[in-house]
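[1] Need coordinates for the following:
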Amino acid sequence: MLFELSPQDSHLATVAGRDTVALCTMQKISPRLKTSHQDRIDSNARGFKAEFAVARLLGIDPPGVNVASDGGIDLWFDDVSIDVKLTTRHQGDLIFDTPDKFKSRVAILVASTDDPNVMSIEGWMGRPEFISKAKRKDYGHGPRLFIPNSNLHPIEALWLEVMRRRHSPK
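    Numbers count the residues shown, from 1 in each chain. Below is the predicted model:
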């Protein structure tokens, strides 16, 4: 699903990306990413844009800047913790380094697009299913766990699951 960010959310995500890099620099922590086509500020801004897109789509609180760590949880949808994972490739894989790195209840994969204000919400998967079905692949940084994009659940299924739990008779 393609999701266009509002100008305000796009601006807030860009500022949060810059702030995150500035906080790391002040703490003398070197940026984790810098390639010929992407720098750390751009990467962080895209990550925040992905989180804003998911938050706005689900009608939940948007992300904030975390000084130390988010503990592997970017957002909350009722009692469902969410880790928003960003890929720069449409139809990219959902990737975690290890099972222990998947700390939230679900992960939602979002792809950036050629338009910096449009994100593609690719799908989601719960932690137990990911761990039981993931395969190993080396993307050039050592073996990592992945699920192909085609195996992800549509975002509507997550919304429906939470709504059923929220509104079903007790």
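[2] Give the other helices and strands that the helix or strand containing residue 165 contacts.
    Of the helices and strands defined by DSSP states H and E, residue 165 is found in helix 155-167. Judged by 3 or more Cβ pairs under 8 Å, 6 or more residues apart in numbering; DSSP states H and E, helix 155-167 is in contact with helix 40-58, strand 106-112, strand 118-126. Where you see a C-beta, it was placed from the backbone N, CA and C, and this is true even at glycine.
[3] can I get the CA coordinates of the helix or strand of the chain with the lowest mean pLDDT in CSV?
    Sorting the helices and strands of the chain by mean pLDDT, DSSP states H and E puts helix 7-26 at the bottom, at a mean of 87. The C-alpha trace of helix 7-26 is given here as CSV (Å, rounded to 0.1, in the frame of the first residue of the first chain):
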residue,chain,number,x,y,z
PRO,A,7,4.2,17.9,4.6
GLN,A,8,4.2,18.3,8.4
ASP,A,9,5.0,14.6,9.1
SER,A,10,7.6,14.6,6.3
HIS,A,11,9.3,17.7,8.0
LEU,A,12,9.0,16.2,11.5
ALA,A,13,10.6,12.9,10.3
THR,A,14,13.5,14.8,8.6
VAL,A,15,14.1,16.9,11.7
ALA,A,16,14.0,13.7,13.9
GLY,A,17,16.6,12.1,11.5
ARG,A,18,18.9,15.1,11.9
ASP,A,19,18.4,15.2,15.6
THR,A,20,19.2,11.5,16.0
VAL,A,21,22.5,11.9,14.1
ALA,A,22,23.3,15.1,16.1
LEU,A,23,22.7,13.2,19.4
CYS,A,24,25.0,10.4,18.3
THR,A,25,27.7,12.9,17.3
MET,A,26,27.4,14.7,20.7
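[4] thinking residue 46 is in contact with residue 115, fair?
    No. Using Cβ atoms under 8 Å as the test, residue 46 is too far from residue 115 to be in contact (11.8 Å).
[5] These two: who's more crowded?
    Between residue 46 and residue 115, counted using other Cβ atoms under 10 Å, residue 46 has the larger neighbour count: 22 against 10.
[6] Run through the residues that contact that one.
    For residue 46, the contacting residues are 13, 17, 86, 88, 112, 116, by Cβ atoms under 8 Å, 6 or more residues apart in numbering.
[7] just to revisit the earlier point, export the helices and strands packed on helix 155-167 to JSON lines and tack on mean pLDDT and distance to residue 2?
    Putting the helices and strands packed on helix 155-167 into JSON lines (pLDDT from 0 to 100; distance: least, Cβ to Cβ, whole Å) gives the following:
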{"stretch": "helix 40-58", "mean pLDDT": "92", "distance to residue 2": "9"}
{"stretch": "strand 106-112", "mean pLDDT": "97", "distance to residue 2": "10"}
{"stretch": "strand 118-126", "mean pLDDT": "98", "distance to residue 2": "6"}
